[in-house]
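*Asks:* Using only what follows, build the 3D model:
(2 chains)
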Amino acid sequence: MGELKAIYTIWLREMLRWRRDRAGLLSSMMQPLFWLFIFGVGMGRSVRLGLSGVSYLTFLAPGVIAQNILFTAFFGGVSVLYDLEFGFLKEILVAPISRGAIVTGKVLGGATSAFIQGLIVLCLSLLLGVRYNSPLGLAASLGVMALLSMAFMALGLALASGLERAASFQRIGRFTTMPMWFLSGALWPLDQCPTWLRLLILLNPLTYGVDALRTLLIGVSKINIALSIGVLTVFTLLMLGLGTYLFSRKEA
Amino acid sequence: MGKAIRVSGLTKFYGDLLAVDHISFEVEEGEIFGLLGPNGAGKTTTIKMLTTLLRPSDGTAEVCGYDIQREPDAVRRVIGIVFQEPSLDLELTGRENMEFHARLYDVPKGEMDARIEELLKLVELQDWADRLVRNYSGGMRRRLEIARSLLHHPRVLFLDEPTLGLDPQSRRHVWSYISRINREEGVTIILTTHYMEEADQLCDRVAIIDKGRIVALDTPEKLKGIVGGDVLTLEVGPEAKRLMEAIRRRGLARNIQMLRGQITLMEKDGEALIPVLLRLAEEVGVPVNSVSLRKPSLDDVFLYFTGERIRSQAPEPMMMWRMRMMRRGR
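*Replies:* From the prediction side, this is the model:
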């Protein structure tokens, strides 16, 4: 009971802060708009996927949803370092709550905002004329989006817990998220690239999120969805464990 | 009365640097206990160990009977802390900061709102409760932190430099809250400070800490009593050393210190000593620029035990350096 209340408290604070950060929300919406509207529409004219009845924009949309979740969730991890730099982390660390509860609350908080932003991108894509298969697939994709949000928030938090300064997180973050995005199969189909590249793509957890979303939203699949969900779940649990371990070694 | 805190042989190394050197002391329940010393003396490190934020390198301590290393959660439940650096969420309102704390410490829902209101009133922030902390002044933030630290009815309250960086008026405000809290809520308070007056005004007992060790521990009155009845300060200049040796040779004062051309004597009957000292200065041919006589402060106690002044420590190297530069320039 006490643990749940602690998790809720940490989560609630993240939500309060997120709700007030209108500028942050707006600016994080610019990237997916750019990808969908400019890249998706522009490239769509000259790309032939070999998938019947699927436009490039439709092919791209699930990837852009996943990408927005990746960026929002991953960079949400930096909040630990901002808390450290602004001194608020001390208030959290001396409270009589477990380190696991702090990490879980933080991950749920960052994941909730990433999930909502993913949802907004989903709605944007509908407005741009992307058509998804079925209401059932749409509903199921929400579960995958939630899992993706948790996975990358946990990754960001684990990285942040191992670092001292927000600036170094931002630097490392740029080096990590960019390749993850390009090597996720979001921009081109998995089977249309050389083996070495495909290998890199298969090592990237984001790939499984993109493919699962594509399966559910537009019925195009390269990886078994059960495998994708399994990989994402294991990855999330690993990162939660690593994050908790690294976080509990932090001294404010 | 029981012991609120027992510390024995507590030690902290940062790498090779010994920050806290086997200190031991006890704090009675209900008292205001001060750790007085210059910056870098080890006060904050001591507080961080007692509040379970830092692991000691050696030694043990108990807070309300709970061991800080074996029962950190139990310790965290019975203590309140106001850190030296701010620890508020600037993007939340004062009330939201309070609610966050109340939930983390499991203050019952029915009690929470009333308790928050009561404490905001105590620190006179009720009108600011729903504004973002970002808009608070330094003094207001400090007051909010003090109110927050009391939400869960802690038995021991740690205040690390509670008035650092505040203007004199805010400082006095904070002092009055601290004594009221101690009286009305019956909370044991342990505070660190490098302000003499703060320790003198607020504390029942003071431990003077220097270079990681406790050099003296008693009530402010008794500590000042050790120094003697009066403090005499002679402004002499470069020849201070010669005069000091002469005073020593005559056996005029038991306790005599020299710091940068200034001789400080601590003796019972200071007034009668003034003419004697001036005559001696004339005999040895050392001009005295001025003489002052006053009752001892804790700063004098610190000087007595360490040969340094708390106040003058920070600017000293800079001053010396500047003086050297000036000489070189000539």
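*Asks:* Which residues are in contact with residue A:58?
*Replies:* By C-beta atoms under 8 Å, 6 or more residues apart in numbering or on different chains, the residues touching residue A:58 are A:130, A:131, A:218. The way it works is simple: take the backbone N, C-alpha and C, and place the C-beta from them, glycine included.
*Asks:* counting contacts, what elements does the lowest-mean-pLDDT helix or strand in chain A pack onto?
*Replies:* Ranked by mean pLDDT, DSSP states H and E, the helix or strand of chain A with the weakest confidence is helix A:41-44, at a mean of 82. Counting contacts by 3 or more C-beta pairs under 8 Å, 6 or more residues apart in numbering or on different chains; DSSP states H and E, helix A:41-44 is packed against helix A:56-76.
*Asks:* What mean pLDDT does the helix it packs on get?
*Replies:* For helix A:56-76, mean pLDDT is 93.
*Asks:* Flag every buried residue along it.
*Replies:* A:56-76 (16 or more other C-beta atoms under 10 Å in any protein chain shown).
*Asks:* Which residues does the residue sitting nearest the centre point of chain B form beta bridges with?
*Replies:* Nearest to the mean C-alpha position of chain B, by C-alpha atoms, centre = their mean, lies residue B:193 at 2.0 Å. Residue B:193 forms beta bridges with residue B:36, as assigned by DSSP bridges.
*Asks:* Isn't it up against residue B:161?
*Replies:* Yes - Residue B:193 is within contact range of residue B:161, at 6.0 Å (criterion: C-beta atoms under 8 Å).
*Asks:* Could you look up the SS state of the residue in the stretch 151-300 of chain B that chain A sits nearest to?
*Replies:* Across the stretch 151-300 of chain B, the shortest distance to chain A (C-beta to the nearest C-beta) belongs to residue B:152, at 8.9 Å. For residue B:152, the secondary-structure state derived from DSSP: H, G, I helix; E, B strand; the rest coil is coil.
*Asks:* Quick one: residues contacting it.
*Replies:* Applying C-beta under 8 Å, 6+ apart, the residues near residue B:152 are B:77, B:80, B:101, B:102, B:105, B:106, B:107.
*Asks:* Out of those residues, which sit inside helices?
*Replies:* B:77, B:101, B:102 (DSSP state H).
*Asks:* List buried residues within those residues.
*Replies:* Neighbour counting with 16+ other C-beta under 10 Å marks B:77, B:101, B:102 as buried within the ones in helices among the contacts of residue B:152.
*Asks:* still on that earlier bit, quick check, nearest of the contacts of residue B:152 to residue A:165?
*Replies:* Proximity of the contacts of residue B:152 to residue A:165 (C-beta to C-beta) peaks at residue B:101, which lies at 26.2 Å.
*Asks:* what sits against that closest one?
*Replies:* A:91, A:95, B:148, B:151, B:152.
*Asks:* any idea how far residue B:12 is from it?
*Replies:* Remark: distance between residue B:101 and residue B:12 (C-beta to C-beta, to the nearest Å) = 27 Å.
*Asks:* Give me the secondary structure label for residue B:222.
*Replies:* Assigned by three-state DSSP, the conformation of residue B:222 is helix.
*Asks:* what's around it, how many residues?
*Replies:* Number of residues near residue B:222 (other C-beta atoms under 10 Å in any protein chain shown) recorded here: 13.
*Asks:* ok, back up a step: turn the buried ones among the ones in helices among the contacts of residue B:152 into JSON lines, including pLDDT and distance to residue B:59.
*Replies:* Shown next, in JSON lines, are those (pLDDT from 0 to 100; distance: C-beta to C-beta, whole Å):
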{"residue": "B:77", "pLDDT": "91", "distance to residue B:59": "23"}
{"residue": "B:101", "pLDDT": "96", "distance to residue B:59": "30"}
{"residue": "B:102", "pLDDT": "96", "distance to residue B:59": "34"}
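*Asks:* in the stretch 1-150 of chain A, which ranges drop under the pLDDT threshold?
*Replies:* Scanning the stretch 1-150 of chain A with the threshold set as pLDDT under 70 gives A:1, A:51-52.
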